[in-house]
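Novice: Predicted coordinates and the sequence they were generated for:
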Amino acid sequence: MFNTPRWDIDLIRRYDTAGPRYTSYPTAVQFHDGINPPDLLRALDASRQAERPLSLYVHIPFCANICYYCACNKVITKDRSRAEPYLHSLYRELELLSAHVGPEQRVEQLHFGGGTPTFLSHDQLRGLLGKLRQHFTLHDDDIGDYSIEIDPREADWSTMGMLREIGFNRVSFGVQDIDPEVQRAVNRLQSLEQTQAIMEAARALEYRSINIDLIYGLPKQNPDSFSKTVEAIIELKPDRLSVFNYAHLPERFLPQRRIQAADLPSPAQKLQMLENSIRQLTEAGYRYIGMDHFALPDDSLSIAQESGELQRNFQGYTTHGHCDLIGMGVSSISQVGDLFSQNTTDIKIYQHCLDQDLLATRRGLICNEDDRLRRAVIGQLICHFELQFADIEQRFGLVFKAYFAGCWPMLMQMHRDGLLVLSDRGIAILPAGRLLVRSVCMVFDAYQNPDNSQRFSRII
């Protein structure tokens with residue numbers, strides 16, 4: 001299904017509020033301190049009994065330079081020796097977790113994020129992959145989806161060759177913007193030639209997929225300059241693109257305080273940037289997957305959406321949502337069965353826990369039946385833009401309209417506004433509503449609270 005969105009400025013103005021991105025439901029805002037390491041180990045034991053496949057996420061928090069826009073959990077340092085004690089703790093964590101995983105549980109998906117994973121040396125990356133292969137059942141035949149985030153300023157042909165050799169077959173490059181003035185304003189000087197060189201290496205080495213991240217709404221941007229960035233990236237023809245909305249929250253993220261508010265584009269300019277980007281990308285043959293993501297028709301995300309198999313988890317849109325997700329490293333999140341659990345976000349506490357042979361699990365939640373139901377509804381809408389009531393009723397043993405009676409007035413209003421079609425059989429989000437799918441999902445969110453709005457970015 002090719003979900004080309006239609007630009008409707010009146011709908012956008014009406015429904016462009018702050019809201020979750022729904023990489024999970026319930027969202028991380030609902031995590032609480034009542035989840036501890038034994039909860040995670042019990043969930044892993046149940047996963048092993050059920051022989052569920054796995055997805056592994058490894059967080060490498062280090063960056064040599066700070067990007068002012070960044071809201072990730074990171075450690076800024078040029079001291080490469082700081083990676084060694086962190087890796088020592090990470091190795092102990094994966095040993096403790098793998099003791100509760102069975103050899104028949106294949107790792108279908110692996111992702112290294114950060115931070116900058118390539119902050120690690122070649123030997124350190126080889127050692128980390130070796131440890132993972134020692135303790136988990138990774139594929140040896142390149143069939144798994146094994147991805148890593150790359151800073152083109154921190155990589156070269158030899159880096160790309162080494163990563164391909166140890167098993168990675170997907171890469172994601174942070175670019176954000178190619179305009180030098182914008183790059184200076186966010187402290188990320190990165191030439192287009194650097195990105196192009198790494199992409200050429202990835203193609204020559206037969207990486208399966210290349211993703212590029214862009215951000216609109218950064219200081220010094222304007223619609224014309226950002227259109228040039230998008231056009232230049234289209235020329236490189238990545239398999240996927242993520243075009244994110246910059247959320248300026250300096251009260252929460254200290255590096256953003258170095259950005260001058262007067263340099264930020266106006267809301268009208270941001271809308272124009274998004275509208276232009278959608279037009280440019282769709283004219284270039286990219287499909288709108290949803291929520292900032294675009295992919296070529298032959299990419300696995302496009303194929304999964306067409307076949308009804310696309311899912312969503314903490315790693316974003318995925319074809320591996322059926323896997324139990326084990327997060328390792330500071331701040332990482334696991335989703336195992338009905339359990340969400342998150343490690344401490346403090347690297348010192350993380351390392352201290354693992355030095356004592358203790359897991360660093362600090363918060364999370366266990367989903368109840370209502371959570372599972374709403375998660376299924378939200379996941380279907382955010383991935384496929386439509387929902388058949390009968391599918392939910394059969395799966396959960398309920399009458400959809402009766403169970404969600406409180407949602408009906410808002411759904412009817414969205415129907416009248418042309419955001420969606422509400423019928424006796426289901427919900428179909430219209431092209432004009434696809435950019436606002438988060439607004440529809442929020443209708444089914446039992447935890448929506450105006451007091452939480454400042455925790456989220458705006459939808460557009």
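Specialist: Yep, that arrived.
Novice: is it true that Gln30 touches Leu365?
Specialist: Yes - counting by C-beta atoms under 8 Å, Leu365 is a contact partner of Gln30 at 5.8 Å. Backbone N, C-alpha and C define where each C-beta goes, glycine included.
Novice: pLDDT weak spots in the protein?
Specialist: Along the chain, the model assigns pLDDT under 70 to residues 1-3, 450-455.
Novice: Please list all residues in contact with the closest residue to Ser158 other than its chain neighbours.
Specialist: Closest residue to Ser158 apart from its sequence neighbours, by C-beta to C-beta, 6 or more residues apart in numbering: His122 at 7.6 Å. His122 sits next to 158-159, 162 when contact means C-beta atoms under 8 Å, 6 or more residues apart in numbering.
Novice: which one of the residues you listed is nearest Pro26?
Specialist: Within the contacts of His122, proximity to Pro26 (C-beta to C-beta) peaks at Thr159, which comes in at 38.2 Å.
Novice: Check the gap between the closest one and Pro152 for me.
Specialist: 10 Å (C-beta to C-beta, to the nearest Å).
Novice: Over to Ala376?
Specialist: Computed as C-beta to C-beta, the Ala376 to Pro152 distance reads 39 Å.
Novice: which one of the contacts of His122 sits closest to Pro250?
Specialist: The closest of the contacts of His122 to Pro250 turns out to be Thr159 (C-beta to C-beta; 33.4 Å).
Novice: okay, now the closest one: neighbour count?
Specialist: Neighbour count for Thr159, taken as other C-beta atoms under 10 Å: 17.
Novice: quick one: the helix or strand containing it to chain centroid distance?
Specialist: Here Thr159 is covered by helix 157-165, with elements defined by DSSP states H and E. In terms of C-alpha atoms, centre = their mean, to the nearest Å, the centre of helix 157-165 is found 24 Å from the chain centre.
Novice: cool, stretch 330-346 as well?
Specialist: 15 Å.
Novice: now do the same end-to-end measure for that stretch.
Specialist: One end of stretch 330-346 to the other measures 7 Å (C-alpha to C-alpha, to the nearest Å).
Novice: May I see the buried residues of that stretch?
Specialist: Counting neighbours by 16 or more other C-beta atoms under 10 Å, one finds that the buried residues in stretch 330-346 are 330-336, 339-344.
Novice: ok, so of the residues you listed, who is nearest Tyr146?
Specialist: Taking C-beta to C-beta as the measure, Tyr146 lies nearest Ser332 of the buried residues of stretch 330-346, at 16.8 Å.
Novice: Can you give me the distance of the closest one to Pro38?
Specialist: Ser332 is 18 Å from Pro38, where distance means C-beta to C-beta.
Novice: so what are the domain limits for this protein?
Specialist: Residue ranges for the domains of the chain, per automatic domain parsing: 1-26+368-460, 28-328.
Novice: Quick one, which of the ones you listed gets closest to Lys348.
Specialist: Comparing these against Lys348 with C-beta to C-beta, the closest turns out to be domain 28-328 (10.2 Å).
Novice: Tell me the span between the first and last residue of that closest one.
Specialist: Terminal residues of domain 28-328 are spaced 17 Å apart (C-alpha to C-alpha).
Novice: again, but for stretch 175-190
Specialist: Per C-alpha to C-alpha, stretch 175-190 runs 8 Å from first to last residue.
Novice: contact partners of that stretch?
Specialist: Contact with stretch 175-190 is made by 65-69, 152-153, 191-192, 195, 212-215, 218-221, 225-226, 228-229, 232-233, 258-260, 263, as judged by C-beta under 8 Å, 6+ apart.
Novice: picking up where we left off before, so which other helices or strands are in contact with the helix holding Thr159?
Specialist: Helices and strands touching helix 157-165, by 3 or more C-beta pairs under 8 Å, 6 or more residues apart in numbering; DSSP states H and E, are helix 122-135, strand 145-150, helix 192-204.
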